[in-house]
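A.B. asks: The following comprises the amino acid sequence and a computationally predicted model.
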Amino acid sequence: MMEIEKSVAWQRHQMATVERMQRDLARWTHPVIRAVGLCGVAYLASWAVVMVVGAAAGAMVVVAAVSAAVLVFGAPAFALAVGVEGYLRGRLARI
């Protein structure tokens, strides 16, 4: 069976195209990933303060509620952003 290989120039062109797509999409995916990550940290930190201080930390309960809402509503966008990044990194690794 004869195997046909892609030329080195074609592989470089394909890699440059995927890198450009990743860079263009990163303008949208990275802010989503950072925002959801920051809300996750705020959620965990606020509940840690509530557990240590108790119910007297009413402001932290509000922070936890708001960050939990952002996490719930941002989860689909986060999953899509992580999926796109993973797909593009996987394509770059295969090239």
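C.D. replies: Nice, thanks for sending it over.
A.B. asks: For the residue positioned nearest the centre of the chain, grab phi and psi.
C.D. replies: Per C-alpha atoms, centre = their mean, the C-alpha nearest to the average position across the chain is that of I33, at 3.3 Å. Backbone torsions of I33, given as degrees, to the nearest 10, read phi -60, psi -40.
A.B. asks: What distance do you get for the closest residue to it other than its chain neighbours to V72?
C.D. replies: Distances taken as C-beta to C-beta, 6 or more residues apart in numbering place A81 nearest to I33, at 5.3 Å, with adjacent residues excluded. No exception for glycine: its C-beta is placed from N, CA and C like everyone else's. The gap separating A81 from V72 is 16 Å, by C-beta to C-beta, to the nearest Å.
A.B. asks: Output the below-cut-off pLDDT ranges for the protein.
C.D. replies: Scanning the chain for pLDDT under 70 picks out 1-3, 55.
A.B. asks: let's go with 80 and repeat that
C.D. replies: Residue ranges of the chain with pLDDT under 80: 1-6, 50, 54-61, 95.
A.B. asks: mind listing the helices in it by residue range?
C.D. replies: In the chain, the segments counted as helices under DSSP state H are 8-53, 58-94.
A.B. asks: Between helix 8-53 and the shortest one, find me the angle.
C.D. replies: Angle of helix 58-94 versus helix 8-53, following axes from the mean of the first three to the mean of the last three C-alpha atoms, to 10 degrees, is 160 degrees.
A.B. asks: list the contacts for the residue nearest to the centre of the chain?
C.D. replies: Neighbour list for I33: 78, 81-82, 85 [criterion: C-beta atoms under 8 Å, 6 or more residues apart in numbering].
A.B. asks: What is the nearest of the residues you listed to R27?
C.D. replies: A81 (11.2 Å; C-beta to C-beta).
A.B. asks: Just to check, the closest one is in contact with W28?
C.D. replies: Yes - counting by C-beta atoms under 8 Å, W28 is a contact partner of A81 at 7.4 Å.
A.B. asks: So which of those two has more stuff around it?
C.D. replies: Per other C-beta atoms under 10 Å, whichever of A81 and W28 has more neighbours is A81, with 22 against 12.
A.B. asks: about what we covered before: now tabulate the contacts of I33 in TSV and tack on distance to S67.
C.D. replies: Shown next, in TSV, are the contacts of I33 (distance: C-beta to C-beta, whole Å):
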residue	distance to S67
F78	13
A81	18
V82	19
E85	23
